[in-house]
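[1] Coordinates only, no sequence provided:
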């Protein structure tokens, strides 16, 4: 039997204290993409954060996982569920892939593994993703995964000196199951 958390090229796992350099790289990559601009953070800050994540208990169905390659075990990104509302049956998720590892299918595989868990095992009905309108690659990825554009939040975020739009995309559990059927155990 193969692990539920393993795809062809990637596996999802808990964050380890030694992952701090990868997360520091991801933060730099997001800044270069124009997706996030935060004050510089020290290496010690990243070390402390990953150490905390490594021992953290998930907050209900909100958690973050590392994405690593199956062949080399290299950390290539992170995926997580956020703002889960089990009563209403929806959650948000987010994903980041390091610049050197984009456009290799890692994000799609990681998203499918996470969504399969949340829909099939945790019984959620809907997933939402909020994506910067200028991030064409992420919008295209989510369309390929079966997400539907549900709305545009105009001037929702302030970034790089100006307001930017945010696209809300969503997928329902039955839509996901139609495009990504459960694999046999």
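    Here it is on my side, so go on. Please read these numbers as outputs of a predicted model, since none were measured by experiment.

[2] Can you tell me the element residue 176 falls in?
    If you go by DSSP states H and E, residue 176 is part of helix 173-179.

[3] Just the buried positions in that helix, please.
    173, 175, 176 (16 or more other C-beta atoms under 10 Å). Where C-beta positions appear, they are placed from N, C-alpha and C, glycine not excepted.

[4] Next: stretch 70-89.
    So, applying 16+ other C-beta under 10 Å, buried residues of stretch 70-89: 75, 76, 77, 78, 79, 80, 81, 82, 84.

[5] Now, these that are in helices?
    Using DSSP state H, no member of the buried residues of stretch 70-89 falls within helices.

[6] Throw those residues into JSON lines and include distance to residue 140, thanks.
    Shown next, in JSON lines, are the buried residues of stretch 70-89 (distance: C-beta to C-beta, whole Å):
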{"residue": "75", "distance to residue 140": "24"}
{"residue": "76", "distance to residue 140": "19"}
{"residue": "77", "distance to residue 140": "17"}
{"residue": "78", "distance to residue 140": "20"}
{"residue": "79", "distance to residue 140": "18"}
{"residue": "80", "distance to residue 140": "21"}
{"residue": "81", "distance to residue 140": "22"}
{"residue": "82", "distance to residue 140": "22"}
{"residue": "84", "distance to residue 140": "26"}
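
[7] Residue 4: which of those is nearest?
    residue 79 (14.2 Å; C-beta to C-beta).

[8] ok, that closest one touching residue 108?
    No: judged on C-beta atoms under 8 Å, residue 79 makes no contact with residue 108 at a distance of 10.9 Å.

[9] Run the chain-centre distance for the helix-or-strand element of the chain with minimal mean pLDDT.
    One helix or strand of the chain scores below all others by mean pLDDT, DSSP states H and E: helix 20-33, with a mean of 82. From the chain centre to the centre of helix 20-33 is a distance of 14 Å (C-alpha atoms, centre = their mean, to the nearest Å).
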